[in-house]
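Enquirer: have a look at this fold, sequence not included:
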């Protein structure tokens, strides 16, 4: 007897009534009529608020929470989060504009990324946001931008740590990286900061992302604090902010389980007294993107054709990899695995089948679900892809094959 297939983690963020997903208190089919077209992305503001509240309850009160806008830069989502988090991290001039349009003060915005242009550096200095310096050359250019403007840049040094976040889906630190200054080179760059007279704010140490192992995150936190304390001896001033990155993952694929926050919060509580002694002025910042918004979003498309090819059912929909690259498996997966997918207007259905959900593009890579058990669907039914609130539309090649862009809504 073959082993049972692993299942997706339970998905409870969207209730079901009369066998139909409810989003923002509205049946999905009615929401589709309100939006006026498919495909579309929908983000649930109540789910985002609940996730932030869940985090606040699990983490020490002294830990500040920042939103990494790269996960989902939709202006309405960012505006909503401005009232919930303590700061934003941006990674482009475009994201900086969106962040500055919110009520959040500029001094609570930081700007990261290894290839900031001279124009972006000048905009950041003029706005008064914190520049996370990624190299010695970038430090020079930031100072030159400040000199042109008659302003002193506010800077933090981004460190490429001498360790990795184990079990992370994407490694952002440790080994050779385009991100940050290698830990062993940091003292020299810090000495230059002193010579140049910049307004030193602290450190940004980000070692990895999409991690579902609480013990790996705890270990990274301990190593991050130790590294920051060691480098503080070379700093040109007191460490006022210590951004320890994020890395909190969400379960996308069969067999994955939700991250347990309790040991992470307890671990931070144990570490903070030592941090206060070593870095008495430091505000500890946890920077999260995906974890705040991924599970609050759905990607919704409509079945436009149903066909059977040599015994295999294909549901052809009006969306695909050009609008949701990650769900298609083409955004870093080594072996393609299915996101959680349901027929949104008949979640359980009276009849079940194995079916593949494919898009309209002329490539075999355009797959949203491969041989997945779903309710039997017909032309006109709605397919909903869960975990779509992060790295969805903005991370997809929307110009591919010239299809119109989807709508995004916050409900």
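Expert: Ah, there it is. Computed from a prediction, not measured in an experiment: that's the story for all the values here. Numbering: from 1, shown residues only.
Enquirer: residue boundaries of the strands in the stretch 51-200 of the chain?
Expert: Using DSSP state E, counting those that start in this stretch, the strands of the stretch 51-200 of the chain run over 64-68, 87-90, 109-111, 130-133, 154-160, 170-171, 181-182, 199-205.
Enquirer: could the ones you listed be laid out in CSV, adding distance to residue 318?
Expert: No exception for glycine: its C-beta is placed from N, CA and C like everyone else's. Shown next, in CSV, are these (distance: least, CB to CB, whole Å):
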stretch, distance to residue 318
strand 64-68, 31
strand 87-90, 32
strand 109-111, 37
strand 130-133, 40
strand 154-160, 41
strand 170-171, 30
strand 181-182, 46
strand 199-205, 41
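Enquirer: can you add distance to residue 260 and mean neighbour count and give those back as JSON lines?
Expert: Compiled in JSON lines, these are given as follows (distance: least, CB to CB, whole Å; neighbours: other CB atoms under 10 Å):
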{"stretch": "strand 64-68", "distance to residue 260": "18", "mean neighbour count": "23"}
{"stretch": "strand 87-90", "distance to residue 260": "25", "mean neighbour count": "26"}
{"stretch": "strand 109-111", "distance to residue 260": "28", "mean neighbour count": "26"}
{"stretch": "strand 130-133", "distance to residue 260": "29", "mean neighbour count": "28"}
{"stretch": "strand 154-160", "distance to residue 260": "27", "mean neighbour count": "25"}
{"stretch": "strand 170-171", "distance to residue 260": "20", "mean neighbour count": "14"}
{"stretch": "strand 181-182", "distance to residue 260": "32", "mean neighbour count": "18"}
{"stretch": "strand 199-205", "distance to residue 260": "23", "mean neighbour count": "25"}
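Enquirer: which of these comes out lowest on mean pLDDT?
Expert: Among the strands of the stretch 51-200 of the chain, strand 170-171 carries the lowest mean pLDDT, at a mean of 50.
Enquirer: make sure residue 60 is actually in contact with residue 273.
Expert: No - Residue 60 is beyond contact range of residue 273, at 10.5 Å (criterion: CB atoms under 8 Å).
Enquirer: compare these two (neighbour count), which wins?
Expert: residue 60 (16 against 9; other CB atoms under 10 Å).
Enquirer: contacting residues for that one?
Expert: By CB atoms under 8 Å, 6 or more residues apart in numbering, the contact list for residue 60 reads 265, 268, 269, 272.
Enquirer: mind checking how far the first one is from residue 217?
Expert: The one in question is residue 265. Distance of residue 265 to residue 217, given as CB to CB, to the nearest Å: 11 Å.
Enquirer: neighbour-wise, which of those two wins?
Expert: Per other CB under 10 Å, whichever of residue 265 and residue 217 has more neighbours is residue 217, with 30 against 17.
Enquirer: please tell me how far the residue lying closest to residue 104 once chain neighbours are set aside sits from residue 88.
Expert: Leaving aside its chain neighbours, residue 104 sits nearest to residue 82 (4.6 Å; criterion: CB to CB, 6 or more residues apart in numbering). With distances taken as CB to CB, residue 82 is found 8 Å from residue 88.
Enquirer: common neighbours of the two, please.
Expert: 102, 104.
Enquirer: let me know the helix or strand that residue 368 is in.
Expert: Applying DSSP states H and E as the criterion places residue 368 in strand 367-375.
Enquirer: check which helices and strands that strand is in contact with.
Expert: strand 312-317, strand 341-343, strand 352-358, strand 382-385 (3 or more CB pairs under 8 Å, 6 or more residues apart in numbering; DSSP states H and E).
Enquirer: quick check: which of those strands is nearest to residue 162?
Expert: Residue 162 lies closest to strand 382-385 among these, at 38.5 Å (CB to CB).
Enquirer: could you tell me how far the closest one lies from the centre of the chain?
Expert: Relative to its parent chain, strand 382-385 has a centroid offset of 21 Å by CA atoms, centre = their mean, to the nearest Å.
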